[in-house]
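*Asks:* Fold the following, please.
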Amino acid sequence: MGPLAGLRVVELVGLAPAPFATTVLADLGADVVRVDRAKPGFDVLAFPNDPLTRSRRWIGVDTKSPEGRDLVLRLVEDADVLIEGFRPGVTERLGIGPADCMERNPRLVYGRITGWGQDGPLAQAAGHDINYIGLSGALEPIGRAGERPVPPLNLLGDFGGGGLLLAMGVLAALVERATSGRGQVVDASMVDGAALLTAGLHGLRNIGLWGAGRGANMLDGGAPFYDTYETSDGKYVAVGAIEERFWGELVKVLEIDPESVAGRLDPARWPAVRSALAAVLLTRTRDEWAALAAGTDACLTAVLDPAEAALDPHNVARGTFVSLDGHLQPAPAPKFSRTAAATPTPPAEPRSDTTAVLTELGYALPDIDRMRTNGVIA
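*Replies:* Numbers count the residues shown, from 1 in each chain. Next up is the predicted model:
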């Protein structure tokens with residue numbers, strides 16, 4: 001099921017960006033085996049019903065042991081892709097780096113995700129999403145005028161610029177492999193990826209349409225026609241009426257005198273226009289405004305929390321969210337016109353598939369029992 005049916009992926013357990021990339025591949029139908037530690041201690045990498053561990057099998061291996069390393073290399077022999085998210089050099093020291101794996105399988109696509117990249121002055125430094133997007137130039141523009149930059153959760157570095165671009169890089173390498181017959185290493189850096197996400201911002205800067213400072217530009221909350229507003233119930237609506245015809249529709253929905261908000265493209269008028277919009281939007285609830293804007297091109301929508309989003313009629317109609325064992329999470333995306341969609345499966349119990357996977361690899365049950373007794377597997 002899914003356009004990637006038949007693709008075999010080995011995932012070395014790691015933090016959010018690598019599992020997210022693997023989830024994208026699994027959602028599209030890839031057969032994923034997640035290789036976890038055999039002896040986990042305090043483990044922040046996984047929790048029950050984590051969407052980042054759905055739709056894959058899960059084994060436990062002591063990759064620091066020679067027999068555990070050989071087991072991973074045996075997995076790699078029949079795999080198309082390996083995904084790992086360690087600091088540069090870690091898998092090389094374990095004996096499962098690109099050279100080791102591609103010696104066993106020259107067609108392997110070896111996907112690596114790090115914050116800083118595999119080389120460069122910061123390659124070995126610690127960091128998290130906020131550090132990577134800070135260095136990429138993606139964090140500084142986000143926030144209100146006169147206030148400090150605001151981290152946009154960990155969406156830009158870990159997920160958008162990190163895991164999603166790693167998945168795209170892996171798929172691109174697979175397309176190239178169809179011609180060359182050879183695998184390669186995909187070096188995905190969250191700094192590189194987050195910087196790429198700012199391409200449009202750089203374009204606006206290059207033509208002088210961005211640069212008035214944080215929170216003072218058209219798309220960062222500076223313009224009154226592209227911002228969020230509080231409603232009478234303490235909730236919010238999002239307004240995105242950039243184009244003139246959409247602005248005209250918004251003014252009609254809000255029943256505002258057009259002359260009172262004239263000159264809305266002049267930054268000098270933005271405070272007055274914003275005040276006018278804010279005052280009107282405070283007179284009704286969020287859902288009342290959303291209902292009034294429905295069926296128009298006013299570009300006014302409710303700001304929903306994640307649980308509310310799953311109940312929105314549009315999202316319900318599109319199947320944008322799914323419930324796995326009673327736990328809400330986003331559905332696989334995008335959708336395909338011909339290929340049957342892969343149905344996500346609930347996360348497996350940690351290390352619960354070890355025996356089944358090793359049996360498929362040809363290991364005899366006595367050998368599996370011995371390795372488990374010796375702590376090589378779990």
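*Asks:* can we go C-alpha only for contacts and neighbour counts from here?
*Replies:* Noted.
*Asks:* any idea which element the closest residue in space to residue 146 that isn't next to it in sequence lies in?
*Replies:* The shortest distance from residue 146 to any residue other than its chain neighbours is 7.4 Å, reached at residue 214 (CA to CA, 6 or more residues apart in numbering). Under the assignment given by DSSP states H and E, residue 214 is not contained in any helix or strand.
*Asks:* Could I get the phi/psi values of residue 214?
*Replies:* As for residue 214, its main-chain torsions (degrees, to the nearest 10) stand at phi -60, psi 130.
*Asks:* Look up how far residue 149 lies from it.
*Replies:* Using CA to CA, to the nearest Å, residue 214 is found at 8 Å from residue 149.
*Asks:* what touches both of those two?
*Replies:* Taking CA atoms under 8 Å, 6 or more residues apart in numbering as the contact rule, the neighbours common to residue 214 and residue 149 are 140, 141, 142, 143.
*Asks:* As a quick check, tell me the outermost residue of the protein.
*Replies:* The outermost residue of the chain, judged by C-alpha distance from the chain's mean C-alpha position using CA atoms, centre = their mean, is residue 259 at 43.3 Å.
*Asks:* That one belongs to a helix, doesn't it?
*Replies:* Yes - when the secondary structure is assigned by DSSP: H, G, I helix; E, B strand; the rest coil, residue 259 falls within a helix.
*Asks:* pLDDT score assigned to it?
*Replies:* pLDDT for residue 259: 94.
*Asks:* swap in the one 4 residues further on?
*Replies:* In the predicted model, residue 263 carries a pLDDT score of 94.
*Asks:* Next, count neighbours for it.
*Replies:* Burial of residue 263 is recorded as 14 neighbouring residues (other CA atoms under 10 Å).
*Asks:* now the closest residue to it other than its chain neighbours: how far from residue 147?
*Replies:* Taking CA to CA, 6+ apart, and ignoring the residues beside it in sequence, residue 263 has residue 269 as its nearest neighbour in space, at 6.3 Å. Per CA to CA, residue 269 is found 21 Å from residue 147.
*Asks:* Looking at the two now, which is surrounded by more residues?
*Replies:* The neighbour count for residue 269 versus residue 147, taken as other CA under 10 Å, is higher for residue 269 (15 against 10).
*Asks:* From what I see, that one and residue 276 are in contact.
*Replies:* No - counting by CA atoms under 8 Å, residue 269 sits too far from residue 276 to count as a contact (11.0 Å).
*Asks:* How far off centre is the host helix or strand of residue 270?
*Replies:* Using DSSP H and E, residue 270 maps to helix 270-281. If you compare the mean C-alpha spot of helix 270-281 with that of the full chain, they lie 35 Å apart, counting by CA atoms, centre = their mean, to the nearest Å.
*Asks:* ok, and for it, which residues are buried?
*Replies:* By neighbour count with 16 or more other CA atoms under 10 Å, helix 270-281 contains the buried residues 270, 272, 273, 274, 276, 277, 278, 281.
*Asks:* pLDDT averaged over it - what is it?
*Replies:* Averaged over helix 270-281, pLDDT sits at 97.
*Asks:* And for stretch 371-378?
*Replies:* Averaging pLDDT residue by residue across stretch 371-378 gives 96.
*Asks:* about what we covered before: who's more crowded, residue 214 and residue 149?
*Replies:* Of the pair residue 214 and residue 149, residue 214 is the one with more neighbours under other CA under 10 Å, namely 20 against 17.
*Asks:* measure that one to residue 266 for me?
*Replies:* 17 Å.
*Asks:* do the same with residue 163
*Replies:* For residue 163, the distance to residue 266 - CA to CA - is 39 Å.
*Asks:* Of those two, give the one with the bigger neighbour count.
*Replies:* residue 163 (31 against 10).
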